[in-house]
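Q: Turn this into a structure:
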Amino acid sequence: MITVAALGCSKGQLTLAGAKAIAEADKVFVKTALTDTYEYFKESGTQNVPLDFIYENSQDFDDLDNKIVEYIKDSDTGENIVYCVNGSGYDDRSVIALSKVCDVKIIPSASAGIVGNRPSVAHITVSAYELVGMRGFNYDTRFSLSITDVDNAYIAAEVKLILTNILGDDETALFNNKEIPLFELDRQQKYDYSTVVGILPKTLSEKKRFNFSDLYEIMKILRAENGCQWDRAQTHQSIRENAVEEAYELVEAINNDDLDNMIEECGDLMLQSVFHCAIAEDGGEFNVEDVLSGICRKLIDRHTHIFGDVVANTPEEALKAWDAAKAKEKKYTSVSDKIEKIAKSLPALLKAYKTQKAVAKTGFEFENFGQVTDKIEEEISEFCNATNAREIEEEGGDLLFAAVNALRWKGVDPEVALAGAIKKFTERFEYVERHCDGDIKSKSADELDALWEEAKIAQRN
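A: Okay, the predicted model is just below:
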């Protein structure tokens, strides 16, 4: 058993339990004597062995941790050993490594919730090297954050980029308890393994950049007892159409290649999801964690070529793997079963498109595009020869279905194509109406045709 006594972030944060363990130890190892927490040993006269010499002979922090573990293990001859580290005791990399190879008892310091000697309700500590190695890092900015092991300007620059993305480049940071602009994090004079970067939490009104936790907190505030009366009054049913509207507005922004509007519309669509989560949580139906867990589980389970043993080297093979995993998850017994599960609230054109795609995967498909266009001509003839309302509606539906099939063969989404056609028609009609001074009925057919041709040229230009 190795006892770890945490010294805290600064002098005076060693607990009585930690001091007692050090006093009764046969051997005391201290990770570093280069911080002010080491003053305890100078003042008490406690015999100890600082391990700074190991740092000097290590290639990186992983190597340092491994060498410290080996040194302590080799020194363990059954005596009472205490290993002293800075911080809380739970977040030190060498302690984590030590706990993997032997029994460790941790006596935490009195500073578990302190950054820069300032109290914080909640606190996160992470090594700079772990932070930089993460594929994506985003933390709840309502917590204080300590980043340890910032031992050179290069790693400081990497940390700066990550924090700037989360907080903005005009925020401040604590560099060894000294407040500096965040953009100067990699311009300091000295870095070593004792360097700690701290970020203090801010209130919602103080923040300039926000994350998902902020969005959900704002929504909960709006729906709280003293919140917004309109937000509090909403239900799943009262706002359900908003999701459709926001989705189409996002699609329009994408079609227009309008990045600024895409940012806004992505936010509006995300808000609808969060709104439903907040309503559901208030009603005891489900919460945002259920939703996030569901989508993350789905992404993992359906990407069997990434998180499993399926091999997929092309986009087509990846899609095939997704479909197979989805069919297994949904327990589809037939293609008809899969079609039946297509959302009934989808626009008819999109539902037709998805139905045709599902059926085509079975091989139930025309042999060539000529057969597709022949089918359209057949449906046009049947539509023109229909004699009553029921037949006209039925044959009209068949004609639209055949037209959707032609678009599918050419790799075109019919909803997007029709939306583009509507937009094009509207712009041309506006041109015609504008050049008729608002009195279209007074113009002859030839005059309107001429204006329409002008509109086409103007639109192309």
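
Q: Show the pLDDT at residue 418.
A: As predicted, residue 418 sits at a pLDDT of 89.

Q: Give the buried residues for the helix or strand containing residue 339.
A: Assigned by DSSP states H and E, residue 339 belongs to helix 335-340. Residues of helix 335-340 classed as buried: 335, 338 (neighbour count, 16 or more other C-beta atoms under 10 Å). Every C-beta, even on glycine, is put in place using the N, C-alpha and C of the backbone.

Q: With just CA atoms, put it into PDB.
A: Provided in PDB are the C-alpha atoms of helix 335-340 (Å, rounded to 0.1, in the frame of the first residue of the first chain):
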ATOM      1  CA  VAL A 335     -38.300  -4.300 -47.200                       C
ATOM      2  CA  SER A 336     -42.000  -3.700 -46.800                       C
ATOM      3  CA  ASP A 337     -41.500  -3.600 -43.100                       C
ATOM      4  CA  LYS A 338     -38.800  -1.000 -43.600                       C
ATOM      5  CA  ILE A 339     -41.000   1.100 -45.900                       C
ATOM      6  CA  GLU A 340     -43.800   1.000 -43.400                       C
END
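
Q: which other helices and strands contact the helix or strand just after it?
A: Per DSSP H and E, helix 335-340 leads on to helix 348-360 as the next helix or strand towards the C-terminus. For helix 348-360, the packing partners by 3 or more C-beta pairs under 8 Å, 6 or more residues apart in numbering; DSSP states H and E come out as helix 335-340, helix 389-409, helix 414-434.

Q: Of all the residues in the last one, which ones are buried?
A: When burial is assessed from 16+ other C-beta under 10 Å, helix 414-434 yields the following buried residues: 414, 415, 418, 419, 428, 431, 432.

Q: Show me what that helix is packed against.
A: helix 240-255, helix 348-360, helix 389-409, helix 445-460.

Q: Turn those helices into a markdown table, including mean neighbour count.
A: Shown next, in a markdown table, are those (neighbours: other C-beta atoms under 10 Å):
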| stretch | mean neighbour count |
| --- | --- |
| helix 240-255 | 15 |
| helix 348-360 | 17 |
| helix 389-409 | 16 |
| helix 445-460 | 12 |
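
Q: In contact with residue 234: list those residues for me.
A: By C-beta atoms under 8 Å, 6 or more residues apart in numbering, the residues touching residue 234 are 275, 279.

Q: Quick check: phi and psi on it?
A: phi -80, psi 150 (degrees, to the nearest 10).

Q: Would you check how far apart it and residue 241 are?
A: Counting by C-beta to C-beta, to the nearest Å, the gap from residue 234 to residue 241 is 12 Å.

Q: With distance to residue 278 as added columns, please give the helices and strands packed on helix 414-434 in CSV.
A: Below are the helices and strands packed on helix 414-434 laid out as CSV (distance: least, C-beta to C-beta, whole Å):
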stretch, distance to residue 278
helix 240-255, 14
helix 348-360, 29
helix 389-409, 38
helix 445-460, 44
